[in-house]
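**Student:** give me coordinates for this.
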Amino acid sequence: MRYNLFENQRNEIILLARILLMILFIISGWSKLTNFDGTATYMSSLGVPMPMVAAGIAVVMEFFVAIAIVVGFYTRPLAFLFVLFVLGTALIGHHFWTMVDPERAANMTQYFKNLSIMGGMLLLGITGPGKYSIDGR
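**Tutor:** Numbering: from 1, shown residues only. Here you go, the predicted model:
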């Protein structure tokens, strides 16, 4: 039988993972919420249809859903929903394949960062939120 060094801290590590996965989104979502008109203008500049609706979706996902994931509320379904959101933001906001350097290099990094976040969210969706969560109660 193989012993996992961190198995005794599984729940603490899952909590830390939830926080680390979502901190960027909470900060970004708060910024979008407190500058909603600027967010909608930015969405419009990207050519996003219905920029006010898109800005609202971004705020809900990045701020409110991210907080729900941190506290472990409906973690599994929200993690899978977040995968779709992050995929959408990668395709809409970081389409590096249409750009030239240095913009291309920066957006390629952002695009693949989004793919990495998707991997973390898929894993969270499968493992669940752990014991330190509303779902775990």
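**Student:** mind listing what's buried along stretch 123-137?
**Tutor:** The neighbour-count check on stretch 123-137 (16 or more other CB atoms under 10 Å) flags 124-125, 129-130, 133, 135 as buried. Where C-beta positions appear, they are placed from N, C-alpha and C, glycine not excepted.
**Student:** no wait, stretch 39-49
**Tutor:** With burial defined by 16+ other CB under 10 Å, the residues of stretch 39-49 counted as buried are 39-40, 42-43, 48.
**Student:** still on that earlier bit, now, the buried residues of stretch 123-137 that are in strands?
**Tutor:** Among those, no residue falls in strands (DSSP state E).
**Student:** please flag which of those residues sit within helices.
**Tutor:** Among the buried residues of stretch 123-137, the members found in helices (DSSP state H) are 124-125.
**Student:** separation between the nearest residue to R10 once chain neighbours are set aside and I14?
**Tutor:** Leaving out its chain neighbours, the residue that sits closest to R10 by CB to CB, 6 or more residues apart in numbering is G130, at 6.8 Å. G130 sits 3 Å away from I14, going by CB to CB, to the nearest Å.
**Student:** cool, and R76?
**Tutor:** In terms of CB to CB, R76 sits 12 Å off from I14.
**Student:** what touches both of the two?
**Tutor:** Counting by CB atoms under 8 Å, 6 or more residues apart in numbering, the residues touching both R76 and I14 are 124, 128-129.
**Student:** helices of the protein, start to end?
**Tutor:** 10-34, 36-45, 51-59, 66-71, 75-93, 103-127.
**Student:** is it possible to get CSV of the ones you listed that adds distance to N4?
**Tutor:** Below are these laid out as CSV (distance: least, CB to CB, whole Å):
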stretch, distance to N4
helix 10-34, 8
helix 36-45, 43
helix 51-59, 38
helix 66-71, 24
helix 75-93, 22
helix 103-127, 14
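**Student:** can you redo these as a markdown table with mean pLDDT?
**Tutor:** A markdown table is the format used below for these (pLDDT from 0 to 100):
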| stretch | mean pLDDT |
| --- | --- |
| helix 10-34 | 96 |
| helix 36-45 | 96 |
| helix 51-59 | 97 |
| helix 66-71 | 98 |
| helix 75-93 | 96 |
| helix 103-127 | 96 |
